[in-house]
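A.B. asks: using only what follows, build the 3D model:
(chains A and B)
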2 protein chains.
Amino acid sequence: MKFELNEAMEVLERTPQALEQLIGGLSAEWLRCNEGEGTWNVTEVIEHLIEGEKTNWIPRLKFILQEGEGKPFPPFDRFAHLREQADTTMEQKLQEFKAIRRHNVAQLKELVDPALHLELTGLHPTFGAVKVRELISTWVVHDLTHTAQIVRVMAERYRTDVGPWIQFLGILNK
Amino acid sequence: MKFELNEAMEVLERTPQALEQLIGGLSAEWLRCNEGEGTWNVTEVIEHLIEGEKTNWIPRLKFILQEGEGKPFPPFDRFAHLREQADTTMEQKLQEFKAIRRHNVAQLKELVDPALHLELTGLHPTFGAVKVRELISTWVVHDLTHTAQIVRVMAERYRTDVGPWIQFLGILNK
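C.D. replies: Residues are numbered from 1 along each chain as shown, chains lettered A, B, ... in the order given. Down below sits the predicted model:
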């Protein structure tokens, strides 16, 4: 186990700013492209990250701290953001993500004492017992997996343009 | 083909700032970890990106514009940065990357007129004829592939910590 709460929070604090720098102000073409039928574009990934802040990480954390393994927490709908298309610009979405994440990291600090709470368990609707540490680690890796997805989706646009160099570009060789 | 020079430059301009936000000020543990024997840590990826700015992209672009297919351009040593370990902090490396990238994007703007130069060809030492467009696209995708690598390396640290959620985390399922 490598988990340390302060190190995990370093990543959680950085993700919105990193994504703001990476995609803020990009041409619409970069935000619209995807990896084909049924895959998400950059805009949808940001919407999914915002949805997670609203309904997944902190709500589940509170649920575990309150209920323990008494009752399973509600399932997280990973596709909710696709139904409720918010009519906001990318800049507004990035600001929303930044604000709600800032609020949630502050809540995390308030709710979790690493000396006391990390090994507490709750009941996941399909996995069974899960720990607070696992939930927070997953929050961090979820940020990283969707950051990787964003750059992969963008890279995909140039699959043909790179010509023979494709063989050196791991991101296009999956 | 999707390539537009101005869109490509949008990504090239953003990478150093995005990486600065993503990893600036992170604990040493995040910068030191890797994906196992023979793989790069975050610090080594940044050193490799700086090396590319110095010896790969703009030098090759100039070489193509000057020599055409007259003679092959020198091979790029993708491991040079591992021999010449710069004794600088991560913050210094990030500043160096930002400065040299800013300079190189300015050069790119000066050297390439998209109406004239994108389909010009040079001679790659192993691929044979390559186009200016392919070189610049590769520069962009190279940024994206190494950004993906950085977040993948970081995610790897928490492989065990995430517990049963690993099955939903694409970045850990390779």
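
A.B. asks: can you check which helix is longest in chain A?
C.D. replies: The longest helix of chain A (DSSP state H) is helix A:132-156.

A.B. asks: is that one in proximity to chain B?
C.D. replies: Yes - using C-beta under 8 Å from any C-beta of the partner chain, helix A:132-156 reaches chain B at A:133-135, A:137-138, A:140-142, A:144-145, A:147-149, A:151-152, A:154-155. All C-beta atoms are positioned from the backbone trio N, CA, C, and that covers glycine.

A.B. asks: selection in PyMOL covering whichever of those residues are buried, please.
C.D. replies: To isolate the buried members of the residues of helix A:132-156 next to chain B in PyMOL, using 16 or more other C-beta atoms under 10 Å in any protein chain shown:
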select buried, chain A and resi 133+134+135+137+138+140+141+142+144+145+147+148+149+151+152+154+155
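
A.B. asks: returning to that earlier point: now the longest helix of chain A, how far from the centre of its chain.
C.D. replies: Chain-centre distance of helix A:132-156: 5 Å, with C-alpha atoms, centre = their mean, to the nearest Å.

A.B. asks: and stretch A:62-70, by the same measure?
C.D. replies: Remark: stretch A:62-70 is offset 22 Å from the chain centroid, using C-alpha atoms, centre = their mean.

A.B. asks: and it, does that touch chain B?
C.D. replies: No - Stretch A:62-70 lies out of reach of chain B by C-beta under 8 Å from any C-beta, never closer than 12.8 Å.

A.B. asks: let me know the average pLDDT across that stretch.
C.D. replies: On average, the pLDDT along stretch A:62-70 is 95.

A.B. asks: and if you look at stretch A:126-145?
C.D. replies: On average, the pLDDT along stretch A:126-145 is 97.

A.B. asks: who does the helix or strand of chain A with the lowest mean pLDDT touch, helix- and strand-wise?
C.D. replies: Every helix and strand of chain A was ranked by mean pLDDT, DSSP states H and E. The lowest is helix A:80-83, at a mean of 72. Here helix A:80-83 touches helix A:42-55, going by 3 or more C-beta pairs under 8 Å, 6 or more residues apart in numbering or on different chains; DSSP states H and E.

A.B. asks: residues contacting A:T126?
C.D. replies: A:T126 is in contact with A:P75, counting by C-beta atoms under 8 Å, 6 or more residues apart in numbering or on different chains.

A.B. asks: same check on A:E156?
C.D. replies: By C-beta under 8 Å, 6+ apart, A:E156 lies in contact with A:33-35, A:172.

A.B. asks: recalculate using a threshold of 6 Å.
C.D. replies: A:E35 (C-beta atoms under 6 Å, 6 or more residues apart in numbering or on different chains).

A.B. asks: quick one on the thing from earlier: pull out the buried residues from the least confident helix or strand of chain A.
C.D. replies: The neighbour-count check on helix A:80-83 (16+ other C-beta under 10 Å) flags A:H81 as buried.

A.B. asks: do stretch A:94-111 as well
C.D. replies: Judged by neighbour count using 16+ other C-beta under 10 Å, the buried positions of stretch A:94-111 are A:94, A:96-97, A:100-101, A:104-105, A:108.

A.B. asks: quick one: which of these is nearest A:E53?
C.D. replies: A:I100 (4.4 Å; C-beta to C-beta).

A.B. asks: and the contacts of stretch A:66-84?
C.D. replies: By C-beta under 6 Å, 6+ apart, the residues outside stretch A:66-84 that reach it are A:47-48, A:51, A:56, A:60, A:63, A:121, A:123, A:125, A:129.

A.B. asks: what residues does chain A have near chain B?
C.D. replies: When proximity is defined by C-beta under 6 Å from any C-beta of the partner chain, chain A lies next to chain B at A:1-3, A:7, A:10, A:14, A:17-18, A:21-22, A:26-27, A:127, A:134, A:137-138, A:141, A:144-145, A:147-148, A:151, A:154-155, A:157-158, A:160-165, A:169-171.

A.B. asks: the residue nearest the centre of chain A and A:G70, how far apart?
C.D. replies: With distances taken as C-alpha atoms, centre = their mean, A:D143 lies nearest the centre of chain A, 3.7 Å away. Distance, A:D143 to A:G70, using C-beta to C-beta, to the nearest Å: 29 Å.

A.B. asks: just to revisit the earlier point, tell me the one among the contacts of stretch A:66-84 nearest to chain B.
C.D. replies: Lowest distance from chain B to these (C-beta to the nearest C-beta) belongs to A:A129, with 9.0 Å.

A.B. asks: partners of whichever strand or helix holds the closest one, with directions?
C.D. replies: Under the criterion of DSSP states H and E, A:A129 resides in strand A:128-131. Strand A:128-131 pairs in its sheet with strand A:121-124 (antiparallel), by DSSP bridges.
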